[in-house]
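# Give the three-dimensional model of this entry:
(chains A and B)
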There are 2 protein chains.
Amino acid sequence: MSAIEQTTALHLPALQPPRRYLFGPGPSMVHPRVYEALSKPIVGHLDPYFIQVMGDVQQLLKTTFGTSDGATLVISGTGSAGMEAAVANFVEPGAKFAVFANGYFSDRLTEMAKRQGANVVRFEKGWGETFTDDEATEFIRREKPKVVAYVHAETSTGALQAGRAICAAAHDAGALAIADCVTSLGGVPVEFDRTGIDVAYSCTQKGLSCPPGLSPMAMSPRAMDFLRARTTPSRSWYLDLKLIHDYSTVSHRYHHTAPISMFYALREALMVIAEEGIENRWERHRRCNRAFVKGVEAMSLRMHVPEAHRIATLNTVCVPQGVDEAKARKRLLDEPGIEIAGGFGPLAGKVFRIGVMGPLATEDNVQFFLKEFKKTLSAEGYSI
Amino acid sequence: MSAIEQTTALHLPALQPPRRYLFGPGPSMVHPRVYEALSKPIVGHLDPYFIQVMGDVQQLLKTTFGTSDGATLVISGTGSAGMEAAVANFVEPGAKFAVFANGYFSDRLTEMAKRQGANVVRFEKGWGETFTDDEATEFIRREKPKVVAYVHAETSTGALQAGRAICAAAHDAGALAIADCVTSLGGVPVEFDRTGIDVAYSCTQKGLSCPPGLSPMAMSPRAMDFLRARTTPSRSWYLDLKLIHDYSTVSHRYHHTAPISMFYALREALMVIAEEGIENRWERHRRCNRAFVKGVEAMSLRMHVPEAHRIATLNTVCVPQGVDEAKARKRLLDEPGIEIAGGFGPLAGKVFRIGVMGPLATEDNVQFFLKEFKKTLSAEGYSI
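Numbers count the residues shown, from 1 in each chain, chains lettered A, B, ... in the order given. Predicted structure coming up:
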């Protein structure tokens, strides 16, 4: 290594992240207590204290997911690692895998399942549409898959997919039901047991208001039976849920070195949620969502998803004619420091994706956002 | 969810990790500046500031790995995720994969490669032994593999494996060379370019003295060519290095939501290293290692690995006759709060694994450790 390169490194400025208002689909704002937890001194990954922290997190996750019989654990990777863990462990090569495809993350599920050697069948709809109970049931009855997957809260479209009929039909067909709860957990009701989900995965940086880096999961007793009975190992060793479950909750035998600081943060984020009460939190998000929608409609803007199928924490607002959404987003980021996201795939340039979740979900913050949003759209040529 | 379960959650104590002296094989102690970086406010994963942070980390990693032509990036998972990324991307199903097997992590490489459908051939030696240049070269010439892998610093045994002959023989055979640098990076010289490594992966919580959670990687131009030419997708989408490289360094197109806070911490840890100077850091570790070995030999204890093949930052000390190593470790943890590790596999009960790295690698800390270690062994019945 040349001396010059070393010197270059030394001239990097000190870490000084700008203050952002995270009104995007995630990461969301983080509670000061969670930042404090992040910076607590680490212990070893096999230290009795860390084993206790993992146990606390599992317990707190049961309430958050809404499960009493299910096993909960945490994957040492982001939400997409949770998705891959679900696919790699529950979809054996050659197995028929049925996907409800109405957005970007069902496409990602499709891609992962193909890479695991699954026989993927898709029920396709437009981005932002949802599936009725009858059509979901009919699809599963016809296809007789081994595993069914749907995206509960589709981050790319803002649509919420009801899961009870899907899970019931999956069970009738002898299949397991996987639910992508990346955007729903901690923000809107997941109700794992009541819905009949077998495998749910999520992330830390949306409804849980913790920095990104971990993926909480829940597995039903049927899912655990499947895991135990599986004779071929999953293609992924890192995401092998048998080994991770054993390390996390049974023998505590070393599997990998868990991200200690992130577990501290997640524990604290879940404590903050437990103290508020998960139902109160859902209600707060619903209340802010009503205020938000009222506000954007007062600006003559249209929501992309019909009222009955919206995610309370993540809004897709149609970009009004004549406005360049990328420019508007850049202006919002550069001036008040507000992050929102654009659409992608078929929704590229057509929607803004605006999250109102966690610490930002208050009446005042909604009004603050609406004011800045209105100013920005006006500056970009939208006349209200 | 019953009210009772929610109440239970509320009765969990506040997060209060005990203070530990982390003298194990990792996680190692973390510099206060790194903790401070961890708790800085997050920005989005596509925010221009975060793109800059990723770029800084890549630049700093070049010095740390010792590469000027290689591409560096960071996997959003722990060291084992880096291992799986190396295997899943560079070992195609059916390809011949040659492993130098002399410890736990070469067994893990073997297991991962089998799960990826590789044809694995192993050159086996005892745990703690190393391979000479001649025998390594002869093995590769005979086997003509597509990919070769060795563990540079074997955490389970304390042995350091020289890589130049392995890499040269791999190249002669037209193979790529993968080096597991989990325990070496930032602690002892990796010298990626000079050694001729094609793919190296590491972790954050050992030689870099950062909390666990990320896996830094380096890839040679030959490795990048292989990736670009590969026509079948890797079985892992989450660890697909083409997609991650594109997100990290080329288009910055969304792949997954990177663990922002952990990247802040890693940037700071690499800055601390750059300020000290990587060569100075290696030298500091060597100096402390000499003091450590002198101290344990003065206690009539034996090192498991011959002097020429030791890892300066991780010592395997033979457990003396009559001492129950698990009890000794528990006593060290409970009383002075010192974490060290035991052996496993064929070394279970036979060695202590003692790390002296990062902030703990000072003369004073070595003497502090030796004093406490001596006291503990005496209490466990060892008479010096």
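
# what is the mean pLDDT for the lengthiest helix in chain A?
Ranked by residue count under DSSP state H, the longest helix found in chain A is helix A:278-298. Summarised as a single mean, pLDDT over helix A:278-298 is 98.

# Likewise for stretch A:184-194?
Rounded mean pLDDT across stretch A:184-194 is 98.

# for it, how far is the first residue from the last?
Length of stretch A:184-194, first residue to last, C-alpha to C-alpha, to the nearest Å: 15 Å.

# Okay, buried residues for that stretch please.
A:184-193 (16 or more other C-beta atoms under 10 Å in any protein chain shown). Heads up, the C-betas are built off the backbone N, CA and C, glycines and all.

# what's in contact with that stretch?
A:64-70, A:152-153, A:160, A:164, A:179, A:181, A:197, A:200, A:202-203, A:206-209, A:216, A:218, A:220, A:273, A:278, A:281-282, A:285, A:311-314, A:357-358 (C-beta atoms under 8 Å, 6 or more residues apart in numbering or on different chains).

# of those, buried ones?
Neighbour counting with 16+ other C-beta under 10 Å marks A:64-67, A:70, A:152-153, A:160, A:179, A:181, A:197, A:200, A:202-203, A:206-209, A:216, A:218, A:220, A:273, A:278, A:281-282, A:285, A:311-314, A:357-358 as buried within these.

# Where do the domain boundaries of chain A fall?
As assigned by automatic domain parsing, chain A contains the domains A:21-27+A:277-379, A:32-274.

# Mind checking those domains for the one nearest to residue B:16?
domain A:32-274 (8.0 Å; C-beta to C-beta).

# What's the end-to-end length of that closest one?
16 Å.

# these two touch, right, residue A:345 and residue A:157?
No. Using C-beta atoms under 8 Å, residue A:345 is not in contact with residue A:157; the gap is 9.1 Å.

# So for these two, which residue has more residues nearby?
More crowded of residue A:345 and residue A:157, by other C-beta atoms under 10 Å in any protein chain shown: residue A:157, with 31 against 12.

# got the contact list for that one?
So residue A:157 contacts A:102-104, A:127-128, A:304-305, A:316, A:347 (C-beta under 8 Å, 6+ apart).

# do the same with residue A:55
Counting by C-beta under 8 Å, 6+ apart, residue A:55 makes contact with residue A:249.

# if we go to 10 Å?
By C-beta atoms under 10 Å, 6 or more residues apart in numbering or on different chains, the contact set of residue A:55 is A:248-249, A:252, A:267, B:12.

# possible to save the domains of chain A as CSV with distance to residue B:48?
Compiled in CSV, the domains of chain A are given as follows (distance: least, C-beta to C-beta, whole Å):
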stretch, distance to residue B:48
domain A:21-27+A:277-379, 8
domain A:32-274, 18
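
# which one of the ones you listed is the most hemmed in?
Neighbour counts averaged per stretch over the domains of chain A are highest for domain A:32-274, at a mean of 22; criterion: mean count of other C-beta atoms under 10 Å in any protein chain shown.

# Name the secondary structure element that contains the single nearest residue of the stretch 101-250 of chain A relative to chain B.
At 3.3 Å from chain B, residue A:213 is the closest residue in the stretch 101-250 of chain A, using C-beta to the nearest C-beta. For residue A:213, there is no host helix or strand (DSSP states H and E).

# most centrally placed residue in chain A?
By C-alpha atoms, centre = their mean, chain A has its centre lying nearest to residue A:182, at 1.6 Å.

# Can you tell me, leaving aside adjacent residues, what's nearest to that residue?
Among residues not flanking residue A:182 along the chain, residue A:79 sits closest, at 4.3 Å (C-beta to C-beta, 6 or more residues apart in numbering or on different chains).

# just to revisit the earlier point, what's the most distant pair in the buried residues of stretch A:184-194?
Farthest apart among those - using C-beta to C-beta - are A:187 and A:193, which lie 18.5 Å from each other.

# quick one on the thing from earlier: of the contacts of residue A:55, which belong to helices?
residue A:267.

# between the contacts of residue A:55, which is closest to residue A:296?
Residue A:296 has its nearest neighbour among these in residue A:267, at 35.7 Å by C-beta to C-beta.

# what's near enough to touch residue A:75?
A:81-86, A:201-203, A:214-217, A:238-239, A:241, A:244, A:248, A:258, B:77, B:238.

# Same question for residue A:234.
Residue A:234 neighbours (C-beta under 10 Å, 6+ apart): A:84-85, A:87-92, A:116, A:227, A:240-243, B:115.

# And residue A:148, by the same measure?
Contacts for residue A:148 (C-beta under 10 Å, 6+ apart) come out as A:96-100, A:121, A:123, A:136, A:139-140, A:163, A:166-167, A:169-171, A:173, A:175-179, A:198.

# separation between it and residue A:86?
Distance of residue A:148 to residue A:86, computed by C-beta to C-beta, to the nearest Å: 12 Å.

# Can I take it that residue A:42 is in a helix?
No. Residue A:42: not assigned to a helix; according to DSSP: H, G, I helix; E, B strand; the rest coil it is coil.

# out of the contacts of residue A:157, who's nearest residue B:320?
residue A:104 (59.6 Å).

# In the stretch 101-250 of chain A, mark out all the strands, start to finish.
Secondary structure of the stretch 101-250 of chain A by DSSP state E, counting those that start in this stretch: the strands cover A:119-124, A:147-151, A:153-154, A:159-160, A:176-180, A:199-201, A:215-219.

# residues from the stretch 251-384 of chain A in reach of chain B?
A:253-265, A:267-268, A:270-271, A:273-275, A:277-279, A:330, A:333-334, A:337, A:339-342, A:344 (C-beta under 10 Å from any C-beta of the partner chain).

# In helices only, show me these.
Short answer: these in helices (DSSP H) are A:260-265, A:267-268, A:270-271, A:273-275, A:278-279, A:330, A:333-334.

# Fine by me, we can end here.
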